[in-house]
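Asks: structure of the sequence below:
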Amino acid sequence: MTTISADGVHLHHTDTGGAGRPVVLIHGWPLSGESWEHQVPALTGAGYRVVTYDRRGFGGSDKPETGYDYDTLASDLDAVLTQLDLTDVTLVGFSMGGGEVARYLGTHGSERVRAAVFAAAVPPYLLKSDDNPDGGLTEEDVQGFVDGVTNDREGFLDGFTTDFFSVDGTLAVSEDERRKALELEKSATPASLAGCVNAFARTDFRDDLARIGVPTLVIHGSADATVPYEVSGQRTGKAVSQAEIVVVKDAPHGFNVSHAEKFNAALLDFLGRS
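Replies: Numbering: from 1, shown residues only. As a prediction, the model looks like this:
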């Protein structure tokens, strides 16, 4: 199934349907909506209607050369919510997907939204700067990402997915699970890979977080070396007025796979109370 963005981009989505409260799952970089395979059965089993979609440039969605900025990506999310006529929604953003949650609520408001979840998410602001000394990425780091996906895509993403699922240099998932994630990036284009790096690394979400007025869960792995808790989750929890924080001990960045049982339990507990 597809929805159509404001600029005509077709966005592939899946919708379990049903009368339950909707939960919209927004994937990380460089994955697709299929990366939520450990969460969808748990949520549908608990009676929720689950919607996933592929960010433009990834999975089954169209792959334009432009539009990889968070204003456009939040507009894409708005198109999904509007065209499926979803209300009373819980938005769940993993890693880069947390940026869509923040920017959507900061610019489009919460009329359709009941609650928000930031899972190992990139807000409030990853880039180190004079007014953001606690950011996690330098300009050199960002350029290294862009150069990696441009000049040595296969090698760079192989290393990235290893770190994504590792704790202290040891994989916390099976090699099959790691390769499954690596497979998901193959449909992405050079423009979408590099464009999204610049988006998640350089976007300041601090004003967006200050505008969030819905119940919010911040869930993060304590051993996340890709988006460290101290850089993002901890700061987001302090910035959002109604946030609660769950830290999963010894969990890497990809903890919705490596620690799926604990991740799902925390998510379902929050959904049940929000």
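Asks: quick one: secondary structure of the closest residue to residue 132 other than its chain neighbours?
Replies: Closest residue to residue 132 apart from its sequence neighbours, by CB to CB, 6 or more residues apart in numbering: residue 125 at 5.0 Å. Every residue, glycine included, has its C-beta placed from N, CA and C. Put simply, residue 125 is coil when judged by DSSP: H, G, I helix; E, B strand; the rest coil.
Asks: OK, contacts around residue 125?
Replies: 132, 135, 203-206 (CB atoms under 8 Å, 6 or more residues apart in numbering).
Asks: model confidence for it, exactly?
Replies: pLDDT, residue 125: 98.
Asks: over to residue 1?
Replies: Predicted confidence (pLDDT) at residue 1: the value is 80.
Asks: check which helix or strand the closest residue to it other than its chain neighbours maps to.
Replies: In space, and not counting its chain neighbours, residue 1 is closest to residue 13: 5.5 Å by CB to CB, 6+ apart. Using DSSP states H and E, residue 13 sits within strand 10-15.
Asks: that strand pairs with which strands, parallel or anti?
Replies: strand 2-4 (antiparallel), strand 49-53 (antiparallel) (DSSP bridges).
Asks: picking up where we left off before, just the contacts of residue 125 now: which is nearest residue 113?
Replies: Nearest to residue 113 among the contacts of residue 125 is residue 205, at 15.9 Å by CB to CB.
Asks: show me where the stretch 101-250 of the chain has strands.
Replies: Assigned by DSSP state E, counting those that start in this stretch, the strands in the stretch 101-250 of the chain fall at 113-119, 166-167, 170-171, 216-221, 243-248.
Asks: can you list the ones you listed in a markdown table and add mean pLDDT, distance to residue 72 and mean neighbour count?
Replies: Shown next, in a markdown table, are the strands of the stretch 101-250 of the chain (pLDDT from 0 to 100; distance: least, CB to CB, whole Å; neighbours: other CB atoms under 10 Å):
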| stretch | mean pLDDT | distance to residue 72 | mean neighbour count |
| --- | --- | --- | --- |
| strand 113-119 | 98 | 19 | 26 |
| strand 166-167 | 98 | 32 | 19 |
| strand 170-171 | 97 | 35 | 13 |
| strand 216-221 | 98 | 23 | 26 |
| strand 243-248 | 98 | 26 | 18 |
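Asks: helix or strand for residue 25, just tell me which one.
Replies: Element membership of residue 25 [criterion: DSSP H and E] is strand 22-26.
Asks: got it, and residue 263?
Replies: Assigned by DSSP H and E, residue 263 falls in helix 260-273.
Asks: what angle separates that helix from strand 243-248?
Replies: Helix 260-273 runs at 160 degrees relative to strand 243-248, counting by axes from the mean of the first three to the mean of the last three CA atoms, to 10 degrees.
Asks: by contact count, what packs against helix 260-273?
Replies: Contact partners of helix 260-273 among helices and strands, from 3 or more CB pairs under 8 Å, 6 or more residues apart in numbering; DSSP states H and E: helix 40-45, strand 113-119, strand 216-221, strand 243-248, helix 255-258.
Asks: residue 183: which of the ones you listed is closest?
Replies: Of all the helices and strands packed on helix 260-273, it is helix 255-258 that lies closest to residue 183, at 13.5 Å by CB to CB.
Asks: can you list the residues that contact that closest one?
Replies: Residues contacting helix 255-258 (CB under 8 Å, 6+ apart): 35-36, 38-39, 94, 119-120, 165, 172-173, 177, 181, 221, 224, 248, 251-252, 262-263.
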